[in-house]
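# Have a look; sequence and predicted model below, questions after that.
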Amino acid sequence: MTQERGKVYLVGAGPGDVAYLTVKAYNLLAAAQVLIYDALVDAQLLQCVPPDCLKLDVGKRGGKPSTTQAEINKLLVKHCQQGKQVVRLKSGDPLIFGRCTSEIEALKASGCDFELVPGISSALAAPLLAGIPLTDPVLSRTFAVFTAHEPEVLDWEALSRLETLVILMGGQHLPEILDQLVRNGRSHLTPIAIIRWAGTPDQQIWIAQLGNILEQTSELSLSPAVIVIGEVVGLRKYLQPENIYLDEIIRQQPGERHESTPIPQPMLSNFPPSSPLPLTGKTILVTRSVGQSSQFSDRLIASGATVIEMPTLEIGPPSSWEALDNAIAHLSDFDWLIFSSTNGIDYFFERLIAQGKDTRALAGVKIAVVGEKTAHSLKQHSIQADFIPPNFVADSLVENFPDKLDGKKVLFPRVESGGREVLVKELTTKGAKVIEVAAYQSCCPSGIPPVAELALQNRKVNVITFASSKTVQFFCQLTNKIFSNNSDASQFLEGVCIASIGPQTSKTCHALFGRVDVEAQEYTLDGLTQALITWATNS
């Protein structure tokens with residue numbers, strides 16, 4: 001039997017947070033059989049690998065026992081030769097101060113297959129995440145990146161002449177760095193930024209000048225940190241949102257400062273007084289379907305929230321197109337066409353086109369939709385809805401229907417199972433003949449994204465949003481798998497705000513969780529966002 005050939009992937013993990021991991025890196029982690037990782041790799045990334053993946057921590061830590069480079073090389077070769085898919089995970093980019101040369105030489109000498117996978121270097125990501133541009137047409141036409149791990153070997157005279165400096169591994173040598181720059185001609189008034197744990201929830205930023213930065217940081221741990229020196233640091237105040245929250249910009253380590261203790265004036269000099277964004281400090285779990293959560297997430301992020309996406313719906317075609325295709329072939333027989341979701345519209349028009357028809361086939365058929373977003377989706381097909389109920393819910397559609405329903409033939413393309421039974425029943429009671437056809441199917445995803453699972457397990461979620469009854473039902477299915485010791489999801493939701501888009505979704509929340517904490521007054525995603533802002537403001 002031929003042994004499967006192994007391969008080593010030298011992967012850049014980016015600055016920290018899993019959100020800044022490349023798609024290729026994520027996919028490699030998801031398939032890894034062996035993970036060999038550095039000390040600065042964020043713990044969230046370790047959740048991306050399969051449960052049976054062998055995880056080996058080989059991080060080098062200053063002043064502490066650590067794995068030697070020779071031992072790391074042997075581990076890579078050993079597992080590759082055993083036919084394993086090995087991910088060598090390094091923070092940032094593997095070839096920017098990543099000590100990859102030795103590992104590559106060892107792999108080549110042993111005939112091991114390998115591949116380099118780029119990552120976002122903290123040298124570039126940290127300034128960007130702090131709102132500091134490294135280049136500017138006037139202030140910085142060039143920048144240099146270097147490590148100050150061994151400051152005595154650097155050409156400080158040459159470095160001092162450059163407009164912008166980005167320094168890695170310089171926290172322990174900050175006094176010497178400042179001394180060398182000033183002695184070689186750099187003004188003590190030159191702006192400096194120190195960004196610690198960039199790209200993670202623990203990110204901290206100190207802004208000052210070469211002459212006074214030590215007053216703020218002399219007793220603090222500055223590792224891992226990226227140091228930016230140059231006039232571009234002063235541009236930060238112009239590039240930040242006007243209402244950015246000061247406490248989110250400058251964070252001190254736990255226990256170092258009480259809320260009543262004033263922040264030293266030099267730290268405030270570059271930041272005008274401002275009000276916090278309303279959802280600042282709130283971590284919100286969004287449970288919409290795959291591909292439909294981004295706009296809602298963007299709204300929440302713009303209001304200051306940290307958003308974790310956990311899709312609880314997967315949308316796909318129905319088990320059979322027969323009923324929908326037959327209805328489309330006889331569209332002229334119908335008086336009304338009703339859409340209650342954007343999914344119904346998307347799949348209906350997909351089949352319309354598949355049958356060689358276009359919107360002209362709808363001539364003489366009136367169209368009603370539930371919700372503004374559904375109406376907007378219809379407009380994307382150059383069709384204006386004939387009726388949109390005022391309250392964006394199915395009940396309102398029947399109550400305010402503009403036509404007598406008695407004897408009317410209504411086509412209702414809907415989800416294959418678990419759809420709008422109440423709507424159909426009420427239309428039928430009014431005398432309409434309703435033809436229901438399956439236009440799409442919604443099902444429960446096979447698993448939970450690692451970041452969402454970790455946040456739930458560690459009780460890091462403040463709010464969970466639900467935009468339909470099915471998202472509630474499938475959320476419970478998914479979470480019951482990982483919290484198998486609990487009889488239902490509500491047992492691990494203590495203190496978490498349950499937010500619903502409308503009455504039907506709230507009804508399901510009450511049935512499965514026993515409560516709803518926030519319900520949108522306008523049953524839209526904008527309405528749900530506003531309801532959360534009101535809740536956060538009053539809580």
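Nice, I can see it. Numbers count the residues shown, from 1 in each chain.

# confidence score at Arg420?
With respect to pLDDT, Arg420 has a value of 66.

# Quick one: mean pLDDT for the helix or strand harbouring Arg88?
Here Arg88, judged by DSSP states H and E, is contained in strand 85-90. The predicted model assigns strand 85-90 a mean pLDDT of 95.

# With stretch 40-58 instead?
Mean predicted confidence for stretch 40-58 is 86.

# Kindly report the same for stretch 332-341.
pLDDT averaged over stretch 332-341 gives 92.

# Buried ones in it, by neighbour count?
Using 16 or more other CB atoms under 10 Å as the test for burial, stretch 332-341 gives Phe334, Asp335, Trp336, Leu337, Ile338, Phe339, Ser340, Ser341. Using the backbone N, CA and C atoms, a C-beta is placed for each residue, glycine as well.

# so the second one touches Leu362, yeah?
It refers to Asp335. No. Here Asp335 does not reach Leu362: they are 12.0 Å apart, not a contact under CB atoms under 8 Å.

# Specify which member of the buried residues of stretch 332-341 is nearest to Trp206.
Ranked by distance to Trp206 (CB to CB), the buried residues of stretch 332-341 are led by Ser341 at 49.2 Å.

# check contacts around the closest one.
By CB atoms under 8 Å, 6 or more residues apart in numbering, the contact set of Ser341 is Val370, Gly371, Thr374, Arg414, Val415.

# hmm, which of these are the buried ones?
By the neighbour-count criterion of 16+ other CB under 10 Å, the contacts of Ser341 include these buried positions: Val370, Gly371, Thr374, Arg414, Val415.

# you'd agree the fourth one is up against Tyr347?
No. Here Arg414 lies out of contact with Tyr347, judged by CB under 8 Å, at a distance of 10.1 Å.

# Which residue is most remote from the mean position of this structure?
Taking CA atoms, centre = their mean, the residue of the chain most remote from its mean C-alpha position is Gly407, at 49.6 Å.

# how close does that one get to Gly431?
Going from Gly407 to Gly431 by CB to CB, to the nearest Å gives 6 Å.

# Leu239 now?
To Gly431, Leu239 is 62 Å away according to CB to CB.

# Leu478 is in contact with Thr312, correct?
Yes. Thr312 is within contact range of Leu478, at 6.3 Å (criterion: CB under 8 Å).

# Common neighbours of these two, please.
Common contacts of Thr312 and Leu478 (CB under 8 Å, 6+ apart): Cys444, Pro445.

# Which two of the buried residues of stretch 332-341 have the greatest separation?
Farthest pair in those, by CB to CB: Asp335 and Ser341, 21.0 Å.

# In terms of packing, which of Thr312 and Leu478 has more residues around it?
When neighbours are counted by other CB atoms under 10 Å, Thr312 and Leu478 differ, and Thr312 comes out ahead with 29 against 23.

# Give me the phi and psi angles of the more buried one.
Backbone torsions for Thr312, taken as degrees, to the nearest 10, come to phi -110, psi 10.

# immediately after the strand holding Arg88, which helix or strand?
Next along the chain from strand 85-90, counting by DSSP H and E, comes helix 100-109.

# Report the distance from that next one to the chain centre.
How far helix 100-109 lies from its chain's middle: 35 Å, per CA atoms, centre = their mean, to the nearest Å.

# counting contacts, what elements does that helix pack onto?
strand 7-12, helix 69-81, strand 114-117 (3 or more CB pairs under 8 Å, 6 or more residues apart in numbering; DSSP states H and E).

# for the last one, packing partners?
This points to strand 114-117. Using 3+ CB pairs under 8 Å, 6+ apart, strand 114-117 sits against strand 7-12, helix 23-30, helix 100-109.

# So which of the ones you listed is nearest Val117?
That would be strand 7-12 among those, by CB to CB, at 4.3 Å.

# what's in contact with the closest one?
If you take CB under 8 Å, 6+ apart as the criterion, strand 7-12 is touched by 22, 25, 28-29, 76, 79-80, 85-94, 98, 100, 103-104, 107, 112-121.

# mean confidence for it?
96.

# Stretch 307-320 too?
Averaged across stretch 307-320, pLDDT comes to 88.

# Give me the below-cutoff pLDDT ranges for the protein.
1-3, 60-65, 240-276, 290-294, 391-395, 418-420, 484-491 (pLDDT under 70).

# So what are the sheet partners of the longest strand along the chain and their directions?
In the chain, with assignment by DSSP state E, the single longest strand is strand 433-443. Sheet pairing of strand 433-443 (DSSP bridges) gives strand 314-316 (antiparallel), strand 409-415 (parallel).

# Ala126 and Ile195 touch, don't they?
Yes. Between Ala126 and Ile195 there is a contact at 4.4 Å, judged by CB under 8 Å.

# Who has more neighbours out of the two?
More neighbours surround Ala126 than the other of Ala126 and Ile195, with 30 against 26 (other CB under 10 Å).

# for the helix or strand where that one lies, packing partners?
Assigned by DSSP H and E, Ala126 falls within helix 122-129. Helix 122-129 is packed against strand 164-168, strand 191-196, strand 225-229, with contacts defined by 3+ CB pairs under 8 Å, 6+ apart.

# Could you check the angle it makes with strand 164-168?
Interaxial angle, helix 122-129 versus strand 164-168 (axes from the mean of the first three to the mean of the last three CA atoms, to 10 degrees): 120 degrees.
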